[in-house]
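J.: Let's see this in three dimensions:
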Amino acid sequence: MAKQENKTISGFSKLNKRGKIKWIVENFFKEPEAVMNELMSYWHINDEKQKILDEISENTISNFHLPYGVAPNFVIDQRAFAVPMVIEESSVVAAASSSAKYWMERGGFSTEVISTVKIGHIHFYTSGSVQLLRSVFAQLKASLMTEVKALTTNMNKRGGGILDIELLDFSELEPDYYQLRVKFETCDSMGANFINSVLEQFASSFVRFCKTNDVVRSTLGDIEVVMSILSNYTPECIVRSEVSCPISDLGKYPGGLSAEDFAKRFYKAVRIAQIDPYRAVTHNKGIFNGIDAVVLATGNDFRAIEAGGHAYAARDGQYRGLSQCTIDGGQFRFWLEIPLAVGTVGGLTNIHPVARRSIELLGHPSARQLMSIIASVGLAQNFAALRSLVTTGIQKGHMRMHLVNILRQFEATEKEIKQTLVYFKDKVVSFSAVRDYLNLLRDKML
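T.: Numbers count the residues shown, from 1 in each chain. Below is the predicted model:
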(Lines give C-alpha, C1' and ligand atoms only; values in the text may rest on other atoms or scores of the structure.)
Protein backbone atom coordinates (compact mmCIF):
# COMPACT_ATOMS: atom_id res chain seq x y z
CA MET A 1 0.00 0.00 0.00
CA ALA A 2 1.42 3.38 -1.02
CA LYS A 3 2.52 5.63 1.79
CA GLN A 4 0.07 8.50 2.40
CA GLU A 5 1.61 11.98 2.19
CA ASN A 6 1.48 13.88 5.45
CA LYS A 7 -0.48 17.04 4.72
CA THR A 8 -1.28 18.00 8.28
CA ILE A 9 0.55 20.48 10.47
CA SER A 10 0.77 21.49 14.11
CA GLY A 11 1.08 25.18 14.94
CA PHE A 12 -0.10 26.53 11.57
CA SER A 13 -1.73 29.56 13.21
CA LYS A 14 1.60 30.51 14.82
CA LEU A 15 3.39 30.83 11.46
CA ASN A 16 3.66 34.27 9.92
CA LYS A 17 1.74 34.89 6.69
CA ARG A 18 4.65 34.01 4.40
CA GLY A 19 5.24 30.85 6.40
CA LYS A 20 1.60 29.85 6.04
CA ILE A 21 1.68 30.38 2.27
CA LYS A 22 4.97 28.51 1.94
CA TRP A 23 3.58 25.44 3.74
CA ILE A 24 0.34 25.55 1.73
CA VAL A 25 1.95 25.84 -1.71
CA GLU A 26 4.65 23.25 -1.03
CA ASN A 27 2.14 20.66 0.14
CA PHE A 28 -0.89 21.22 -2.11
CA PHE A 29 0.25 22.72 -5.42
CA LYS A 30 2.28 21.46 -8.36
CA GLU A 31 3.92 24.84 -9.02
CA PRO A 32 4.55 26.20 -5.53
CA GLU A 33 6.63 29.22 -6.50
CA ALA A 34 4.12 30.41 -9.12
CA VAL A 35 1.18 29.94 -6.76
CA MET A 36 2.98 31.74 -3.95
CA ASN A 37 3.69 34.72 -6.21
CA GLU A 38 0.08 34.74 -7.39
CA LEU A 39 -1.37 34.68 -3.87
CA MET A 40 0.99 37.44 -2.76
CA SER A 41 0.07 39.56 -5.79
CA TYR A 42 -3.40 40.00 -4.27
CA TRP A 43 -2.01 41.56 -1.09
CA HIS A 44 -2.95 45.21 -0.66
CA ILE A 45 -0.17 47.58 -1.71
CA ASN A 46 -0.79 49.57 1.48
CA ASP A 47 0.65 47.61 4.43
CA GLU A 48 -1.64 49.24 6.98
CA LYS A 49 -4.77 48.39 5.01
CA GLN A 50 -3.54 44.84 4.49
CA LYS A 51 -2.97 44.54 8.25
CA ILE A 52 -6.63 45.51 8.82
CA LEU A 53 -7.80 42.84 6.37
CA ASP A 54 -5.50 40.20 7.89
CA GLU A 55 -6.87 40.84 11.37
CA ILE A 56 -10.52 40.54 10.33
CA SER A 57 -10.21 36.75 10.03
CA GLU A 58 -7.86 33.90 10.99
CA ASN A 59 -5.03 32.17 9.14
CA THR A 60 -5.21 34.72 6.32
CA ILE A 61 -2.77 34.25 3.46
CA SER A 62 -4.22 36.51 0.77
CA ASN A 63 -7.29 38.50 -0.28
CA PHE A 64 -10.20 37.15 -2.32
CA HIS A 65 -11.51 39.97 -4.48
CA LEU A 66 -15.15 40.41 -5.46
CA PRO A 67 -16.42 43.20 -7.72
CA TYR A 68 -17.71 46.30 -5.94
CA GLY A 69 -20.45 47.80 -8.08
CA VAL A 70 -23.00 50.56 -7.75
CA ALA A 71 -26.69 50.58 -8.68
CA PRO A 72 -27.78 54.23 -9.18
CA ASN A 73 -31.23 55.80 -9.38
CA PHE A 74 -32.82 54.17 -6.34
CA VAL A 75 -35.51 56.50 -5.07
CA ILE A 76 -36.50 55.24 -1.63
CA ASP A 77 -38.96 57.19 0.50
CA GLN A 78 -38.49 60.16 -1.85
CA ARG A 79 -34.71 60.18 -1.41
CA ALA A 80 -32.22 59.23 -4.15
CA PHE A 81 -29.49 56.65 -3.50
CA ALA A 82 -26.60 55.12 -5.39
CA VAL A 83 -26.41 51.71 -3.73
CA PRO A 84 -23.13 49.77 -3.31
CA MET A 85 -23.29 46.07 -4.20
CA VAL A 86 -20.63 43.39 -3.75
CA ILE A 87 -21.35 40.37 -5.92
CA GLU A 88 -19.64 38.22 -8.54
CA GLU A 89 -22.60 38.13 -10.94
CA SER A 90 -22.84 41.15 -13.22
CA SER A 91 -26.48 40.61 -14.14
CA VAL A 92 -27.53 41.28 -10.53
CA VAL A 93 -26.22 44.84 -10.48
CA ALA A 94 -27.57 45.46 -13.99
CA ALA A 95 -31.01 44.14 -13.05
CA ALA A 96 -31.16 46.19 -9.84
CA SER A 97 -30.12 49.32 -11.75
CA SER A 98 -32.73 48.71 -14.43
CA SER A 99 -35.46 48.19 -11.84
CA ALA A 100 -34.39 51.27 -9.89
CA LYS A 101 -34.66 53.46 -12.98
CA TYR A 102 -37.99 51.90 -13.95
CA TRP A 103 -39.56 52.62 -10.55
CA MET A 104 -37.85 56.01 -10.22
CA GLU A 105 -40.12 57.11 -13.06
CA ARG A 106 -43.16 55.72 -11.23
CA GLY A 107 -42.70 57.20 -7.76
CA GLY A 108 -39.92 55.02 -6.37
CA PHE A 109 -39.94 52.65 -3.41
CA SER A 110 -41.93 53.23 -0.22
CA THR A 111 -40.83 51.53 2.98
CA GLU A 112 -41.91 50.98 6.56
CA VAL A 113 -39.79 49.58 9.36
CA ILE A 114 -42.41 47.62 11.28
CA SER A 115 -40.27 46.65 14.26
CA THR A 116 -36.60 46.35 15.27
CA VAL A 117 -36.67 43.82 18.12
CA LYS A 118 -33.90 41.19 18.29
CA ILE A 119 -34.02 38.02 20.34
CA GLY A 120 -31.66 35.85 22.37
CA HIS A 121 -32.13 32.75 24.53
CA ILE A 122 -30.78 31.01 27.58
CA HIS A 123 -31.45 27.32 26.98
CA PHE A 124 -31.62 25.32 30.20
CA TYR A 125 -32.71 21.98 31.63
CA THR A 126 -34.13 21.27 35.06
CA SER A 127 -35.91 18.24 36.46
CA GLY A 128 -37.73 20.29 39.09
CA SER A 129 -41.00 22.19 38.86
CA VAL A 130 -40.83 25.64 37.31
CA GLN A 131 -44.17 26.69 38.75
CA LEU A 132 -42.53 28.28 41.77
CA LEU A 133 -40.05 29.98 39.46
CA ARG A 134 -43.00 31.59 37.71
CA SER A 135 -44.29 32.85 41.02
CA VAL A 136 -41.06 34.75 41.68
CA PHE A 137 -40.35 35.61 38.05
CA ALA A 138 -40.80 39.36 38.56
CA GLN A 139 -38.18 39.19 41.28
CA LEU A 140 -35.86 37.18 38.99
CA LYS A 141 -36.21 39.70 36.17
CA ALA A 142 -35.38 42.58 38.48
CA SER A 143 -32.32 40.73 39.76
CA LEU A 144 -31.10 39.93 36.24
CA MET A 145 -31.55 43.51 35.06
CA THR A 146 -29.62 44.83 38.05
CA GLU A 147 -26.66 42.52 37.46
CA VAL A 148 -26.17 43.58 33.81
CA LYS A 149 -26.29 47.33 34.34
CA ALA A 150 -22.60 47.67 33.57
CA LEU A 151 -23.20 46.05 30.16
CA THR A 152 -26.38 47.92 29.28
CA THR A 153 -25.68 51.49 30.43
CA ASN A 154 -24.29 52.76 27.11
CA MET A 155 -26.95 51.01 25.04
CA ASN A 156 -29.65 52.45 27.31
CA LYS A 157 -28.24 55.95 26.72
CA ARG A 158 -28.65 55.43 22.97
CA GLY A 159 -32.30 54.44 23.45
CA GLY A 160 -31.81 50.69 23.35
CA GLY A 161 -31.33 47.87 25.81
CA ILE A 162 -33.33 44.95 27.18
CA LEU A 163 -37.04 45.09 26.40
CA ASP A 164 -38.40 41.96 28.07
CA ILE A 165 -37.59 38.54 29.53
CA GLU A 166 -39.94 35.55 29.19
CA LEU A 167 -39.92 32.01 30.55
CA LEU A 168 -40.84 29.44 27.89
CA ASP A 169 -41.73 25.79 28.54
CA PHE A 170 -40.65 23.22 25.92
CA SER A 171 -40.86 20.21 28.25
CA GLU A 172 -43.66 18.57 26.24
CA LEU A 173 -41.33 18.42 23.21
CA GLU A 174 -38.13 17.71 25.16
CA PRO A 175 -38.26 16.56 28.81
CA ASP A 176 -36.98 19.15 31.30
CA TYR A 177 -36.15 21.74 28.59
CA TYR A 178 -36.95 25.44 29.13
CA GLN A 179 -35.85 28.83 27.85
CA LEU A 180 -35.39 32.35 29.01
CA ARG A 181 -36.23 34.41 25.92
CA VAL A 182 -34.84 37.94 26.00
CA LYS A 183 -35.85 40.75 23.65
CA PHE A 184 -33.43 43.54 22.77
CA GLU A 185 -33.30 46.89 20.99
CA THR A 186 -29.78 47.58 19.72
CA CYS A 187 -30.37 50.86 17.86
CA ASP A 188 -27.86 51.35 15.01
CA SER A 189 -25.64 48.37 15.85
CA MET A 190 -26.35 44.82 14.76
CA GLY A 191 -25.76 44.05 18.44
CA ALA A 192 -24.52 40.46 18.34
CA ASN A 193 -21.67 41.00 20.83
CA PHE A 194 -23.87 43.09 23.12
CA ILE A 195 -26.67 40.52 23.10
CA ASN A 196 -24.38 37.54 23.70
CA SER A 197 -22.53 39.32 26.51
CA VAL A 198 -25.82 40.12 28.26
CA LEU A 199 -27.11 36.57 27.81
CA GLU A 200 -23.99 34.98 29.26
CA GLN A 201 -24.17 37.29 32.28
CA PHE A 202 -27.87 36.49 32.62
CA ALA A 203 -27.09 32.76 32.62
CA SER A 204 -24.66 33.08 35.53
CA SER A 205 -27.01 35.35 37.44
CA PHE A 206 -29.97 33.05 36.78
CA VAL A 207 -28.22 29.98 38.17
CA ARG A 208 -27.06 31.95 41.20
CA PHE A 209 -30.59 33.28 41.82
CA CYS A 210 -32.09 29.79 41.72
CA LYS A 211 -29.48 28.47 44.14
CA THR A 212 -29.89 31.29 46.65
CA ASN A 213 -33.63 32.02 46.50
CA ASP A 214 -35.34 30.25 49.38
CA VAL A 215 -38.62 29.78 47.49
CA VAL A 216 -37.08 28.21 44.40
CA ARG A 217 -34.02 26.36 45.72
CA SER A 218 -35.77 23.38 47.30
CA THR A 219 -38.14 22.60 44.40
CA LEU A 220 -36.35 23.52 41.16
CA GLY A 221 -33.42 21.15 41.54
CA ASP A 222 -30.17 21.47 39.64
CA ILE A 223 -30.21 23.77 36.60
CA GLU A 224 -28.07 22.97 33.58
CA VAL A 225 -27.58 25.93 31.27
CA VAL A 226 -26.73 24.35 27.92
CA MET A 227 -26.03 27.57 26.03
CA SER A 228 -26.74 31.28 25.90
CA ILE A 229 -26.87 32.78 22.39
CA LEU A 230 -28.70 35.24 20.18
CA SER A 231 -31.08 34.00 17.51
CA ASN A 232 -30.58 34.91 13.86
CA TYR A 233 -34.30 34.44 13.39
CA THR A 234 -35.69 37.94 13.96
CA PRO A 235 -39.40 37.91 13.07
CA GLU A 236 -39.84 41.09 15.11
CA CYS A 237 -37.15 43.00 13.20
CA ILE A 238 -39.18 43.53 10.04
CA VAL A 239 -39.14 45.98 7.14
CA ARG A 240 -41.54 46.33 4.23
CA SER A 241 -40.66 47.82 0.86
CA GLU A 242 -43.20 48.30 -1.91
CA VAL A 243 -43.81 49.81 -5.32
CA SER A 244 -47.13 50.64 -6.96
CA CYS A 245 -48.58 52.46 -9.93
CA PRO A 246 -51.66 52.42 -12.15
CA ILE A 247 -51.60 49.30 -14.34
CA SER A 248 -51.72 51.55 -17.40
CA ASP A 249 -48.33 53.00 -16.37
CA LEU A 250 -46.57 49.64 -16.52
CA GLY A 251 -45.84 50.13 -20.23
CA LYS A 252 -45.77 47.73 -23.16
CA TYR A 253 -43.62 44.65 -23.53
CA PRO A 254 -42.09 42.53 -26.33
CA GLY A 255 -44.46 40.42 -28.39
CA GLY A 256 -47.29 42.92 -28.08
CA LEU A 257 -47.84 42.18 -24.39
CA SER A 258 -50.04 44.94 -22.98
CA ALA A 259 -49.67 46.49 -19.53
CA GLU A 260 -52.79 44.64 -18.38
CA ASP A 261 -51.52 41.29 -19.63
CA PHE A 262 -48.11 41.91 -18.10
CA ALA A 263 -49.68 42.70 -14.71
CA LYS A 264 -51.72 39.49 -14.80
CA ARG A 265 -48.73 37.33 -15.73
CA PHE A 266 -46.56 39.01 -13.12
CA TYR A 267 -49.22 38.44 -10.45
CA LYS A 268 -49.44 34.75 -11.40
CA ALA A 269 -45.66 34.38 -11.18
CA VAL A 270 -45.71 35.75 -7.63
CA ARG A 271 -48.64 33.48 -6.71
CA ILE A 272 -46.80 30.42 -8.00
CA ALA A 273 -43.96 31.19 -5.57
CA GLN A 274 -46.56 31.28 -2.77
CA ILE A 275 -47.86 27.84 -3.72
CA ASP A 276 -44.86 25.79 -4.87
CA PRO A 277 -41.79 25.55 -2.57
CA TYR A 278 -39.60 24.48 -5.51
CA ARG A 279 -40.34 27.76 -7.26
CA ALA A 280 -40.28 29.70 -3.97
CA VAL A 281 -36.64 28.77 -3.29
CA THR A 282 -35.51 30.14 -6.65
CA HIS A 283 -37.80 33.15 -6.29
CA ASN A 284 -36.28 34.01 -2.90
CA LYS A 285 -32.75 33.29 -4.08
CA GLY A 286 -33.26 36.10 -6.58
CA ILE A 287 -34.36 38.43 -3.79
CA PHE A 288 -31.23 37.57 -1.82
CA ASN A 289 -29.08 38.24 -4.88
CA GLY A 290 -29.86 41.88 -4.27
CA ILE A 291 -30.01 41.79 -0.48
CA ASP A 292 -26.74 39.90 0.04
CA ALA A 293 -24.84 42.24 -2.28
CA VAL A 294 -25.74 45.31 -0.20
CA VAL A 295 -25.29 43.46 3.09
CA LEU A 296 -21.76 42.48 2.03
CA ALA A 297 -20.92 45.97 0.79
CA THR A 298 -21.91 47.47 4.15
CA GLY A 299 -20.00 44.94 6.26
CA ASN A 300 -23.06 43.17 7.64
CA ASP A 301 -23.66 39.42 8.08
CA PHE A 302 -25.27 38.01 4.94
CA ARG A 303 -25.35 34.47 6.37
CA ALA A 304 -27.45 35.59 9.34
CA ILE A 305 -29.72 37.63 7.05
CA GLU A 306 -30.28 34.66 4.73
CA ALA A 307 -30.93 32.19 7.56
CA GLY A 308 -33.48 34.49 9.17
CA GLY A 309 -35.13 35.34 5.85
CA HIS A 310 -35.55 31.71 4.83
CA ALA A 311 -36.98 30.83 8.24
CA TYR A 312 -39.45 33.70 7.88
CA ALA A 313 -40.45 32.38 4.45
CA ALA A 314 -41.51 29.13 6.15
CA ARG A 315 -43.14 30.68 9.22
CA ASP A 316 -46.57 29.11 8.53
CA GLY A 317 -45.13 25.63 8.01
CA GLN A 318 -44.60 25.84 4.23
CA TYR A 319 -41.74 27.59 2.48
CA ARG A 320 -43.14 30.46 0.38
CA GLY A 321 -42.01 33.40 -1.73
CA LEU A 322 -41.16 36.47 0.31
CA SER A 323 -42.81 38.98 -2.05
CA GLN A 324 -46.50 39.66 -2.68
CA CYS A 325 -48.47 41.24 -5.51
CA THR A 326 -52.01 42.54 -6.04
CA ILE A 327 -53.82 44.01 -9.03
CA ASP A 328 -56.93 45.72 -7.77
CA GLY A 329 -58.98 48.68 -8.95
CA GLY A 330 -56.62 49.36 -11.83
CA GLN A 331 -53.64 49.55 -9.47
CA PHE A 332 -50.53 47.35 -9.51
CA ARG A 333 -48.89 46.80 -6.11
CA PHE A 334 -45.79 44.72 -5.40
CA TRP A 335 -44.10 44.42 -2.00
CA LEU A 336 -41.61 42.54 0.11
CA GLU A 337 -41.68 41.99 3.86
CA ILE A 338 -38.56 40.54 5.44
CA PRO A 339 -36.60 40.40 8.70
CA LEU A 340 -33.31 42.33 8.44
CA ALA A 341 -31.08 42.63 11.51
CA VAL A 342 -28.35 45.00 10.34
CA GLY A 343 -26.15 47.70 11.79
CA THR A 344 -24.39 50.85 10.64
CA VAL A 345 -22.01 51.23 13.58
CA GLY A 346 -19.61 48.79 15.18
CA GLY A 347 -18.29 45.48 13.93
CA LEU A 348 -16.96 45.01 10.41
CA THR A 349 -18.91 48.05 9.23
CA ASN A 350 -16.46 50.27 11.13
CA ILE A 351 -13.36 48.14 10.55
CA HIS A 352 -13.43 47.40 6.83
CA PRO A 353 -12.27 50.47 4.85
CA VAL A 354 -14.60 49.88 1.89
CA ALA A 355 -17.58 49.05 4.14
CA ARG A 356 -17.07 52.47 5.76
CA ARG A 357 -17.13 54.06 2.30
CA SER A 358 -20.34 52.19 1.52
CA ILE A 359 -21.99 53.70 4.58
CA GLU A 360 -20.74 57.13 3.51
CA LEU A 361 -22.01 56.56 -0.05
CA LEU A 362 -25.47 55.87 1.39
CA GLY A 363 -25.39 59.10 3.40
CA HIS A 364 -24.57 57.55 6.80
CA PRO A 365 -27.99 55.90 7.25
CA SER A 366 -29.35 54.69 10.55
CA ALA A 367 -29.91 50.94 10.92
CA ARG A 368 -33.60 51.49 10.17
CA GLN A 369 -32.78 53.40 6.97
CA LEU A 370 -30.33 50.69 5.92
CA MET A 371 -33.08 48.10 6.43
CA SER A 372 -35.25 50.09 4.02
CA ILE A 373 -32.48 50.38 1.43
CA ILE A 374 -31.58 46.69 1.53
CA ALA A 375 -35.22 45.54 1.31
CA SER A 376 -35.82 47.87 -1.64
CA VAL A 377 -32.84 46.43 -3.53
CA GLY A 378 -34.17 42.91 -2.86
CA LEU A 379 -37.58 43.94 -4.20
CA ALA A 380 -35.99 45.60 -7.24
CA GLN A 381 -34.02 42.46 -8.01
CA ASN A 382 -37.15 40.33 -7.70
CA PHE A 383 -39.11 42.66 -9.99
CA ALA A 384 -36.40 42.55 -12.66
CA ALA A 385 -36.22 38.75 -12.57
CA LEU A 386 -39.99 38.26 -12.74
CA ARG A 387 -40.32 40.88 -15.48
CA SER A 388 -37.84 38.91 -17.60
CA LEU A 389 -39.40 35.55 -16.77
CA VAL A 390 -42.91 36.51 -17.85
CA THR A 391 -41.83 38.41 -20.99
CA THR A 392 -38.61 37.56 -22.85
CA GLY A 393 -37.43 34.74 -20.59
CA ILE A 394 -34.52 34.86 -18.17
CA GLN A 395 -31.78 33.59 -20.46
CA LYS A 396 -31.81 36.37 -23.04
CA GLY A 397 -30.68 39.10 -20.68
CA HIS A 398 -28.89 36.79 -18.27
CA MET A 399 -26.63 35.19 -20.87
CA ARG A 400 -25.90 38.52 -22.54
CA MET A 401 -24.53 39.80 -19.24
CA HIS A 402 -22.36 36.68 -19.03
CA LEU A 403 -21.06 36.97 -22.58
CA VAL A 404 -17.80 38.64 -21.59
CA ASN A 405 -17.26 36.06 -18.83
CA ILE A 406 -17.74 33.26 -21.37
CA LEU A 407 -15.26 34.95 -23.71
CA ARG A 408 -12.71 35.18 -20.90
CA GLN A 409 -13.05 31.43 -20.36
CA PHE A 410 -12.14 30.94 -24.01
CA GLU A 411 -9.16 33.31 -23.56
CA ALA A 412 -10.54 35.64 -26.22
CA THR A 413 -8.44 38.65 -27.24
CA GLU A 414 -9.78 42.19 -26.89
CA LYS A 415 -10.37 42.27 -30.65
CA GLU A 416 -12.29 38.98 -30.51
CA ILE A 417 -14.38 40.26 -27.58
CA LYS A 418 -15.37 43.40 -29.51
CA GLN A 419 -16.32 41.41 -32.62
CA THR A 420 -18.29 38.85 -30.60
CA LEU A 421 -20.24 41.51 -28.69
CA VAL A 422 -21.29 43.07 -32.01
CA TYR A 423 -22.22 39.68 -33.50
CA PHE A 424 -24.44 38.68 -30.53
CA LYS A 425 -26.15 42.06 -30.25
CA ASP A 426 -29.36 40.63 -31.71
CA LYS A 427 -28.74 36.90 -31.17
CA VAL A 428 -29.34 34.41 -28.37
CA VAL A 429 -26.21 33.86 -26.31
CA SER A 430 -25.20 30.34 -25.31
CA PHE A 431 -21.90 28.74 -24.35
CA SER A 432 -21.82 26.60 -27.48
CA ALA A 433 -22.84 29.48 -29.78
CA VAL A 434 -20.01 31.65 -28.45
CA ARG A 435 -17.53 28.82 -28.82
CA ASP A 436 -18.59 28.16 -32.41
CA TYR A 437 -18.40 31.83 -33.35
CA LEU A 438 -14.94 32.19 -31.80
CA ASN A 439 -13.73 29.12 -33.70
CA LEU A 440 -15.06 30.68 -36.91
CA LEU A 441 -13.25 33.94 -36.19
CA ARG A 442 -10.01 32.14 -35.44
CA ASP A 443 -10.26 29.99 -38.55
CA LYS A 444 -10.54 33.15 -40.65
CA MET A 445 -7.40 34.52 -39.06
CA LEU A 446 -5.36 31.48 -40.06
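J.: quick one: the helices in the stretch 201-350 of the chain?
T.: Secondary structure of the stretch 201-350 of the chain (DSSP state H, counting those that start in this stretch): helices at 214-220, 259-275, 277-297, 302-313, 347-351.
J.: Turn the ones you listed into a markdown table, columns for mean neighbour count, mean pLDDT and distance to residue 103.
T.: No exception for glycine: its C-beta is placed from N, CA and C like everyone else's. Shown next, in a markdown table, are the helices of the stretch 201-350 of the chain (neighbours: other C-beta atoms under 10 Å; pLDDT from 0 to 100; distance: least, C-beta to C-beta, whole Å):
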| stretch | mean neighbour count | mean pLDDT | distance to residue 103 |
| --- | --- | --- | --- |
| helix 214-220 | 14 | 76 | 57 |
| helix 259-275 | 17 | 97 | 14 |
| helix 277-297 | 22 | 98 | 13 |
| helix 302-313 | 18 | 97 | 22 |
| helix 347-351 | 17 | 87 | 27 |
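J.: wait, which of the ones you listed is closest to residue 202?
T.: Comparison of the helices of the stretch 201-350 of the chain against residue 202 by C-beta to C-beta identifies helix 214-220 as nearest, at 15.9 Å.
J.: counting contacts, what elements does the helix or strand hosting residue 359 pack onto?
T.: Using DSSP states H and E, residue 359 falls within helix 353-361. Secondary-structure packing of helix 353-361 (3 or more C-beta pairs under 8 Å, 6 or more residues apart in numbering; DSSP states H and E): strand 79-86, helix 277-297, helix 347-351.
J.: Other residues contacting the last one?
T.: Read that as helix 347-351. 52, 56, 189-190, 192-193, 298-300, 343, 355-356, 359 (C-beta atoms under 8 Å, 6 or more residues apart in numbering).
J.: Repeat the analysis, applying 7 Å as the threshold.
T.: 52, 56, 190, 298, 299, 300, 343, 355, 356, 359 (C-beta atoms under 7 Å, 6 or more residues apart in numbering).
J.: follow-up on the earlier one: can you lay out the helices of the stretch 201-350 of the chain as TSV showing distance to residue 367?
T.: Shown next, in TSV, are the helices of the stretch 201-350 of the chain (distance: least, C-beta to C-beta, whole Å):
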stretch	distance to residue 367
helix 214-220	38
helix 259-275	28
helix 277-297	12
helix 302-313	13
helix 347-351	10
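J.: List the buried residues of stretch 99-115.
T.: 99, 100, 102, 103, 104, 108, 109, 110, 111, 112, 113 (16 or more other C-beta atoms under 10 Å).
J.: Of the residues you listed, which pair is most distant in space?
T.: Among those, 102 and 113 lie farthest apart (C-beta to C-beta), at 24.1 Å.
J.: Take the helices and strands packed on helix 353-361 and lay them out in CSV including distance to residue 410.
T.: Formatted as CSV, the helices and strands packed on helix 353-361 follow (distance: least, C-beta to C-beta, whole Å):
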stretch, distance to residue 410
strand 79-86, 27
helix 277-297, 26
helix 347-351, 37
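J.: what's the closest of the ones you listed to residue 133?
T.: Here helix 347-351 is closest among the helices and strands packed on helix 353-361 (C-beta to C-beta), at 35.2 Å.
J.: Could you report the pLDDT at residue 325?
T.: With respect to pLDDT, residue 325 has a value of 98.
J.: for residue 445, same thing?
T.: 73.
J.: again, but for residue 421
T.: pLDDT for residue 421: 84.
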